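Engineer: What follows is a predicted protein model with its sequence.
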Amino acid sequence: MTGRRVRVAASLLAGLVVAYAGFYLLVGPVRGLEIRGVLGLFGTDRISVVQGDTFQVLAQRGLPFRAEVTPYCSSLIALLALAVICLFVLRGPLLRRLGALAVSAVVVLAGNVLRIAASLWMGDHFGVRWLVLFHDWVGTLFALAYTMVGFFLMLSLLLPSASAQIPRAARVSDTL
């Protein structure tokens, strides 16, 4: 095995360890943060949290309902994927990579809070069937979108700008 293959295999193994250990250690705290974020958007007059990770909603229309934020409803999987990419795939100064990861993580976390809040809002205003429909279809597309935005934001913060790669004498903006 060549040196490069050993480094790639070690990076893959380290990425798997970070992903599994991170999920095991952070699933509770990240869900708690997301739940507090949703409560911050809604307030607590008609929505409360029971059993740590389940919302109880006194719906405006229809019957009250409960909705659980499962480990897979959390943004943690996307956050860990971005962290593994940042740590083991991308190159550059570690502090710069961690800064870009932090910015992208805020976008992903906020996007997931909005997704959960929008699902609860649909259930609150149109009934539980709409909550499930929104969560399964629109919420999935929304999760893909905010994960991609976070990833591209992280890349844009790490990659040099196109104008930085053009020699100063060749820049059109400098001649205008």
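Structural biologist: Received the coordinates, thanks.

Engineer: quick one: Met145 and Arg115, what's the gap?
Structural biologist: Rather than Met, residue 145 is Ala. Relative to Arg115, Ala145 is positioned 10 Å away (Cβ to Cβ, to the nearest Å). C-beta here means a position set from N, CA and C on the backbone, and glycine is covered the same way.

Engineer: out of those two, which sits in the busier spot?
Structural biologist: Set side by side, Ala145 and Arg115 show more neighbours around Arg115, with 24 against 12, by other Cβ atoms under 10 Å.

Engineer: Work out for me the element the more buried one sits within.
Structural biologist: Element membership for Arg115, per DSSP states H and E: helix 94-126.

Engineer: Is it correct that Gln56 falls within a strand?
Structural biologist: Yes - assessed with DSSP: H, G, I helix; E, B strand; the rest coil, Gln56 lies in a strand.

Engineer: How much space separates it from Leu133?
Structural biologist: From Gln56 to Leu133 the distance is 20 Å (Cβ to Cβ).

Engineer: Likewise for Ala9?
Structural biologist: Counting by Cβ to Cβ, the gap from Ala9 to Leu133 is 43 Å.

Engineer: Centroid-nearest residue for this protein?
Structural biologist: Ranked by distance to the mean C-alpha position of the chain (Cα atoms, centre = their mean), the top residue is Val108 at 2.8 Å.

Engineer: Confirm for me that it is in contact with Leu80.
Structural biologist: No - counting by Cβ atoms under 8 Å, Val108 does not reach Leu80; the two are 10.4 Å apart.

Engineer: hmm, back to that, got the confidence number for the residue nearest to the centre of the chain?
Structural biologist: pLDDT recorded at Val108 is 97.

Engineer: Identify the residues contacting the closest residue to it other than its chain neighbours.
Structural biologist: Leaving out its chain neighbours, the residue that sits closest to Val108 by Cβ to Cβ, 6 or more residues apart in numbering is Gly150, at 4.1 Å. Shown in contact with Gly150 (Cβ atoms under 8 Å, 6 or more residues apart in numbering): 78, 82, 104-105, 107-108, 111.
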